[in-house]
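*Asks:* I would like the atomic coordinates for the input below:
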Amino acid sequence: MGHLDHAALGWLTPVLSYAMACTGAALGLRCTVRALGATGRSRRNWLVTAASAIGTGIWTMHFVAMLGFSVSGTDIRYDVPLTILSLLVAMLVVCAGVFAVGYSRDRTRALFLGGLTTGLGVASMHYLGMAAVRLHGDVTYDPLLVGLSVLIAVVAATAALWAALNIKSPVAVTIASLIMGAAVSSMHYTGMFAVGVDVTPSDEVLPGATAMQFIFPLAVGLGSYLFLTSAFVALSPTSGEREASASAQRSAESAVG
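*Replies:* Numbers count the residues shown, from 1 in each chain. Prediction:
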C-alpha cells in the first residue's frame, strides 16, 4: 500500500483551494441575487454567470488541492479528456440547480431537487476527476467515506442554493461564502481520505499529462476568470442602483423642464 500525501506542497494547496472555493461561491451568490432582481434575458445571463462561477470555483478547488496529492512509489498523471469532462459536469449540474431555484415558483421543491441534483453532480465531478488519475497500482475507496462525501456535497449544494434565495447583503454573502468554501473543501478531503492505493512498482511510462503540464495552467486560467468576473460584478450596478439613477435623472429633467 502506497503512502498518500494530500498536502505534499504544505499548506499552499489547501489554503489556495479553499480561497478558490470561497471566491466561486461568493461570485455565484452575488450573481444569483442580481438574477432574482432581474427579468427576461438579463435574469438568464446572470444565472448562467452564477452557475459558471460556482462550477468553476468547485472544479478549481478540487484540482488545486490535487496539486498537493502524491503517492509514494509511483508518478501520477491525468487523463486529459476525463479531466475536462469533470469540469463540464460541474458547470452543467450547477447550472441546472441554479436555474431550478431561479425560475421555479415552488421554491421549497426547487431547493430540494436543485440541491440534490447539484450535490450529486459535484460528487460526480470529484470522482470523475479521480477516475482521470493514472498511476502504477490499483485505487480503492472506503464506501463509508465515499457516502459521507456525497452527503456533504448534497448538504453543501442545498445550503448554497438556500443562501442564494435568502441572503442579500454583501456581509451575509461573504459569511455564507466562507462557510460554503469550508463545506466544499470538506467534501473534497473526505473523498480523498476514502482513497487507498496498492502500488505496483513499474518503469513503464504512464499515459496522460502531469499536474504541472495540464492541471496547473488550466487552474490558473479558471482562477483568473473568477477574479475578472468578480471585478465585473462588483462594478456592475444593481437593479436598485439603476432605478435610483433613473429616478434621479427623471427628477433632474423635470426640474429643467
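
*Asks:* alpha carbons only for contacts and neighbour counts from here, please
*Replies:* Will do.

*Asks:* tell me, what residue is most central in the chain?
*Replies:* With distances taken as CA atoms, centre = their mean, the residue of the chain nearest its centroid is residue 58 (1.9 Å).

*Asks:* average model confidence for stretch 172-191?
*Replies:* For stretch 172-191, mean pLDDT is 86.

*Asks:* Output it in CSV with nothing but the alpha carbons.
*Replies:* C-alpha atoms of stretch 172-191 as CSV (Å, rounded to 0.1, in the frame of the first residue of the first chain):
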residue,chain,number,x,y,z
ALA,A,172,-24.0,38.0,4.7
VAL,A,173,-22.9,36.8,1.3
THR,A,174,-19.2,36.9,2.5
ILE,A,175,-20.0,34.9,5.6
ALA,A,176,-22.0,32.4,3.6
SER,A,177,-19.2,32.1,1.0
LEU,A,178,-16.7,31.3,3.7
ILE,A,179,-19.0,28.6,5.1
MET,A,180,-19.6,27.2,1.6
GLY,A,181,-15.9,27.1,0.8
ALA,A,182,-15.3,25.1,4.0
ALA,A,183,-18.1,22.7,3.0
VAL,A,184,-16.7,22.1,-0.5
SER,A,185,-13.2,21.6,0.9
SER,A,186,-14.5,19.2,3.5
MET,A,187,-16.3,17.2,0.7
HIS,A,188,-13.1,17.1,-1.3
TYR,A,189,-10.8,15.9,1.5
THR,A,190,-13.4,13.4,2.9
GLY,A,191,-13.4,11.9,-0.6
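
*Asks:* Show which residues not belonging to it make contact with it.
*Replies:* Under the criterion CA atoms under 8 Å, 6 or more residues apart in numbering, residues 17-23, 25-26, 29-30, 58, 61-62, 126, 145-146, 148-150, 152-153, 156, 159-160, 163, 167 lie in contact with stretch 172-191.

*Asks:* all strands for the stretch 51-200 of the chain, in order.
*Replies:* With DSSP state E, counting those that start in this stretch as the criterion, the stretch 51-200 of the chain has strands at 70-71, 76-78, 133-135, 137-141, 195-199.

*Asks:* JSON lines please, covering those strands and showing mean pLDDT, distance to residue 43 and mean neighbour count.
*Replies:* Below are those laid out as JSON lines (pLDDT from 0 to 100; distance: least, CA to CA, whole Å; neighbours: other CA atoms under 10 Å):
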{"stretch": "strand 70-71", "mean pLDDT": "88", "distance to residue 43": "43", "mean neighbour count": "19"}
{"stretch": "strand 76-78", "mean pLDDT": "90", "distance to residue 43": "37", "mean neighbour count": "21"}
{"stretch": "strand 133-135", "mean pLDDT": "90", "distance to residue 43": "38", "mean neighbour count": "22"}
{"stretch": "strand 137-141", "mean pLDDT": "90", "distance to residue 43": "41", "mean neighbour count": "14"}
{"stretch": "strand 195-199", "mean pLDDT": "91", "distance to residue 43": "41", "mean neighbour count": "17"}
